[in-house]
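In: Quick one: sequence and predicted model below, then my questions.
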Amino acid sequence: MQFCPMSGNDEPYCRDRVELLDIDSLSCGVMSEISTAYRQLKSLPEIWSLTAKSFGNIVALRDPHQTTEIVLTYAELLQQMQWFAAGLQALGGLMEPGAEPQRIALFADNSPRWLIADQGIMMAGAANVVRGAQANPEELLFILADSGSTTLVVQDAATFGKLRSRLHDLPIQVVVLLSDETLEEAPFKIFNFSQIVAAGKGQSFRSSSQDRQTLATLLYTSGTTGKPKGVMLSHGNLLHQVIHTETILKTQPGERVLSILPTWHSYERSCEYFLLSRGCTQIYTNLRSVKKDLKTFQPRYMVGVPRLWESIYEGIQKQLQAQPDSRQKLAHSLLSASQRYHQARRIARGLTLTPYPPGRGQRLFAGIQAALSWPLHALAGQLVYKKIQEATGGQLKCFVSGGGSLAMHLENFFEAVGIEIIVGYGLTETSPILSGRLPQFNIRGSSGRPLPETELRIVHPETRKPLPTGEKGLVLARGTQIMQGYYGNPQATAKAIDPDGWFDTGDLGWMTAQQDLVLTGRAKDTIVLTNGENIEPQPIEDACQRSLYIDQIMLVGQDRQSLGALIVPNLDALQQWASTQNCRLQLPDSALNSSAADIIHSSDDAAIEALDFDHQKIQALFKKELLREVKDRPGYRPDDRIGPFRLLLEPFAVENGMMTQTLKIRRPVVRERYRAMIDGMFD
């Protein structure tokens with residue numbers, strides 16, 4: 001008998017079990033009723049009463065990496081949210097009738113308590129101002145001051161300690177720790193999580209008067225080119241995502257989701273709201289545990305960014321390299337055969353990255369090719385791909401990818417091995433999803449079709465006149481999910497959103513005849529060479545990362561005669577290559593934060609040559625790799641060739657400020673940091 005909390009079956013959900021309980025009976029009209037009910041809601045927190053009623057005994061949140069594992073059902077989650085909200089209301093003055101919601105800052109990282117605090121704040125009638133606890137203290141203090149927050153919710157005492165000495169000049173009156181630590185009160189009141197919840201248990205929870213226009217949250221942009229701006233998202237903006245993301249993802253209650261991205265980030269946050277609104281079970285993981293958790297919890301979905309899929313791909317390639325040569329050759333041959341099969345199959349189904357779909361004759365011929373190559377692909381599935389799928393738990397329906405461009409070699413690889421990737425597109429200012437691939441119309445290389453209540457338009461970057469199908473231009477967006485504006489910054493708002501409601505995404509792209517969006521780069525990332533050619537760096541960088549020896553790469557060359565590159569090499573692959581050259585790679589213990597040009601090589605064994613990154617053999621290797629990968633990419637032009645390059649030991653990372661929380665390179669930061677090196681490259 002299948003478990004259904006609305007069918008009268010009172011069998012409890014066993015929270016110690018990892019396996020999925022079948023809940024298909026919920027699909028018989030209940031999910032449709034829930035979707036309809038969400039369309040009637042006025043505020044985001046209202047969804048939790050509906051989920052508690054529909055999925056009450058299903059596990060909503062699971063955090064196996066706390067000191068004591070946390071497991072909360074949907075009924076328990078609602079109760080915790082209401083207690084937290086009532087505890088905040090007991091502090092007083094949260095929401096005056098008709099007044100702007102009070103802002104409460106929430107600076108914390110992934111945990112069930114983050115979601116409880118996030119929705120507890122909204123339930124109480126306030127708007128939250130979110131950021132991760134690991135952010136720079138100066139950035140957090142700027143956000144506090146700019147938002148006018150009067151209450152501060154932080155992850156723990158350590159986070160509070162980073163800010164405490166500077167809070168006296170801000171209107172902070174109350175501090176709440178999401179930990180159970182206790183601190184002295186002066187000069188303001190300090191409570192911990194348990195105290196707030198205990199206070200809420202003794203109070204009657206008062207529903208707040210919110211509607212879809214009420215401010216729900218402020219998310220501050222990263223501010224790589226200036227001060228961060230507070231993106232104002234309303235309850236209507238967030239509800240749009242809850243209601244319409246189902247056009248991309250068709251989920252069932254109880255299906256497991258592995259969560260690894262920063263939960264406060266717009267992309268992860270809206271995905272969590274949607275998946276939880278459909279009764280899924282969210283399991284928190286981290287970079288140290290993700291490989292083990294994939295096997296242990298066997299998720300059906302995982303939301304991530306391209307860098308995460310790249311790391312999984314690299315791990316598989318590393319294991320393959322450890323196999324005997326004969327097995328490596330067999331695996332590569334089978335992979336190539338599968339990619340030919342899928343390419344022909346896509347053409348036969350009309351799923352091509354072209355302005356207009358292929359003709360009938362072309363599709364028929366491709367169908368014959370797919371049929372002929374299918375047996376070899378099926379054999380590869382049994383010999384190779386089954387083991388790869390088992391490494392990801394064996395139950396994956398798909399990876400959900402966003403937050404950046406997905407390189408085509410990753411698209412082709414995961415398609416070949418049978419792991420579906422659904423790609424979406426959006427920005428913090430758009431709540432964030434604007435478009436997404438439909439499972440039945442998954443065009444590799446595209447960003448999918450607009451969500452309902454969403455319009456996308458391609459215009460000339462200067463004249464703003466609409467462009468025809470297939471022609472590249474600036475992407476504009478209009479819809480229910482577009483932000484209310486930048487908090488306290490009407491000038492920036494007017495610059496971003498025109499009088500007709502069109503938001504300037506700053507992205508370049510084109511549209512197919514079927515209204516699939518294809519992105520080609522960021523307008524502000526465009527590199528203009530001295531010959532006047534405009535180069536979009538991202539597609540070329542994606543192609544270069546197919547090389548086993550290139551871990552990260554960023555193109556440079558503005559106002560130069562050719563492109564250049566800063567490259568973080570894959571040291572494991574490079575060490576292995578050096579061994580085949582009867583050489584060894586000499587890296588000093590203090591190599592971190594050094595550039596390749598600073599490495600001095602030496603050898604205690606005169607019979608073995610020690611290589612530094614500037615050695616002619618290594619330089620020749622990378623020149624060869626860059627030339628091959630750039631020339632092999634579709635649409636290659638001579639101006640795409642990379643001239644000078646430098647190898648770096650320090651990777652681009654969140655910790656050193658050179659990547660965003662969604663693992664996109666902060667190009668202005670990197671260019672400034674290596675300005676002298678870049679100038680030297682071209683000199």
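Out: Sure, I can see it.

In: Can you pull the domain assignment for this structure?
Out: The record's domain split for the chain, according to automatic domain parsing, is 24-297, 304-484+512-522, 525-682.

In: Mind listing the residues bridging to Pro569?
Out: On the basis of DSSP bridges, Pro569 takes part in beta bridges with Ile550.

In: That one and Arg646 touch, don't they?
Out: No: counting by Cβ atoms under 8 Å, Pro569 stays clear of Arg646, with 10.7 Å between them. In this view, the C-beta of every residue, glycine as well, is placed from N, C-alpha and C.

In: For those two, indicate the residue with more neighbours.
Out: Pro569 (26 against 20; other Cβ atoms under 10 Å).

In: got the contact list for the more buried one?
Out: Neighbouring residues of Pro569 by Cβ atoms under 8 Å, 6 or more residues apart in numbering: 549-551, 613, 622, 647.

In: How about stretch 455-472, which residues are buried there?
Out: Taking 16 or more other Cβ atoms under 10 Å as the neighbour-count basis, stretch 455-472 is seen to contain the buried residues 456, 458-459, 467, 472.

In: give me the element Ala344 is part of.
Out: Taking DSSP states H and E as the criterion, the element that holds Ala344 is helix 325-348.

In: Tell me the helix or strand right after that helix.
Out: helix 360-380.

In: same for that following helix, what does it pack against?
Out: In this structure, helix 360-380 makes packing contacts with helix 325-348, judged by 3 or more Cβ pairs under 8 Å, 6 or more residues apart in numbering; DSSP states H and E.

In: How far does the helix it packs on sit from its chain's centre?
Out: Distance of helix 325-348 from its chain centroid, counting by Cα atoms, centre = their mean, to the nearest Å, is 29 Å.

In: cool, stretch 475-487 as well?
Out: Using Cα atoms, centre = their mean, we find the averaged C-alpha position of stretch 475-487 to lie 20 Å away from the chain's own average C-alpha position.

In: Dump it to PDB, keeping only the CA atoms.
Out: Coordinates of the C-alpha atoms in stretch 475-487 are reproduced here as PDB (Å, rounded to 0.1, in the frame of the first residue of the first chain):
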ATOM      1  CA  VAL A 475      18.400  40.100 -23.600                       C
ATOM      2  CA  LEU A 476      15.500  42.000 -22.000                       C
ATOM      3  CA  ALA A 477      12.900  40.500 -19.700                       C
ATOM      4  CA  ARG A 478       9.500  41.400 -18.400                       C
ATOM      5  CA  GLY A 479       7.300  39.400 -16.100                       C
ATOM      6  CA  THR A 480       5.700  38.800 -12.700                       C
ATOM      7  CA  GLN A 481       9.100  37.800 -11.200                       C
ATOM      8  CA  ILE A 482      11.000  41.000 -12.000                       C
ATOM      9  CA  MET A 483      12.200  42.800  -8.800                       C
ATOM     10  CA  GLN A 484      10.500  45.900  -7.400                       C
ATOM     11  CA  GLY A 485      13.700  47.700  -7.700                       C
ATOM     12  CA  TYR A 486      17.000  48.400  -5.900                       C
ATOM     13  CA  TYR A 487      16.400  49.400  -2.300                       C
END
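
In: what is the rounded mean pLDDT of that stretch?
Out: Regarding stretch 475-487, the rounded mean pLDDT is 98.

In: hmm, back to that, and the domains of the chain as JSON lines, adding distance to Ala496?
Out: Formatted as JSON lines, these follow (distance: least, Cβ to Cβ, whole Å):
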{"stretch": "domain 24-297", "distance to Ala496": "9"}
{"stretch": "domain 304-484+512-522", "distance to Ala496": "7"}
{"stretch": "domain 525-682", "distance to Ala496": "18"}
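
In: Tell me which of those domains sits nearest to Ala492.
Out: Comparison of these against Ala492 by Cβ to Cβ identifies domain 24-297 as nearest, at 5.8 Å.

In: Where do the strands of the stretch 401-550 of the chain begin and end?
Out: Defined through DSSP state E, counting those that start in this stretch, the strands belonging to the stretch 401-550 of the chain, from first to last, are 420-426, 433-436, 449-450, 454-459, 473-479, 485-486, 503-511, 517-522, 527-528, 534-535, 550-556.

In: hey, least reliable of the ones you listed by pLDDT?
Out: Mean pLDDT is lowest for strand 534-535 among the strands of the stretch 401-550 of the chain, at a mean of 82.

In: centre of the chain versus it, how much separation?
Out: Using Cα atoms, centre = their mean, the mean C-alpha position of strand 534-535 is found 26 Å from that of the whole chain.

In: which other residues reach it?
Out: With contacts defined as Cβ under 8 Å, 6+ apart, strand 534-535 is touched by 526-529, 555, 557, 563, 639-640.

In: can you map out the helices along the stretch 551-683 of the chain?
Out: For the stretch 551-683 of the chain, applying DSSP state H, counting those that start in this stretch gives helices covering 571-580, 616-632, 667-673, 675-682.

In: roughly how far is the longest one from the heart of the chain?
Out: Think helix 616-632. Once both centres are worked out by Cα atoms, centre = their mean, helix 616-632 turns out to sit 30 Å from its chain's centre.

In: ok, back up a step: and Met232, which of the helices of the stretch 551-683 of the chain is closest to it?
Out: Smallest distance to Met232 across the helices of the stretch 551-683 of the chain (Cβ to Cβ): 24.7 Å, for helix 667-673.

In: Output the contacting helices and strands for that closest one.
Out: Applying 3+ Cβ pairs under 8 Å, 6+ apart, we find helix 667-673 packed against strand 550-556.

In: switch to 6 Å and redo it
Out: Using 3 or more Cβ pairs under 6 Å, 6 or more residues apart in numbering; DSSP states H and E as the contact definition, helix 667-673 packs against no other helix or strand.

In: Now the closest residue to Gly56 other than its chain neighbours: which helix or strand?
Out: Closest residue to Gly56 apart from its sequence neighbours, by Cβ to Cβ, 6 or more residues apart in numbering: Ala75 at 4.0 Å. Ala75 is located in helix 74-91, with elements delineated by DSSP H and E.

In: Residues touching that helix, excluding its own?
Out: If you take Cβ atoms under 6 Å, 6 or more residues apart in numbering as the criterion, helix 74-91 is touched by 48, 51-52, 55-56, 58, 60, 116, 119-120, 123-124, 174, 196-197, 199-201, 203, 205-206.

In: so of those, which ones are in strands?
Out: Secondary structure assignment (DSSP state E) places 60, 174 from the contacts of helix 74-91 within strands.

In: Please pick the buried ones from the contacts of helix 74-91.
Out: Buried subset of the contacts of helix 74-91 (neighbour count, 16+ other Cβ under 10 Å): 48, 51-52, 55-56, 58, 60, 116, 119-120, 123-124, 174, 196-197, 199-200, 205.
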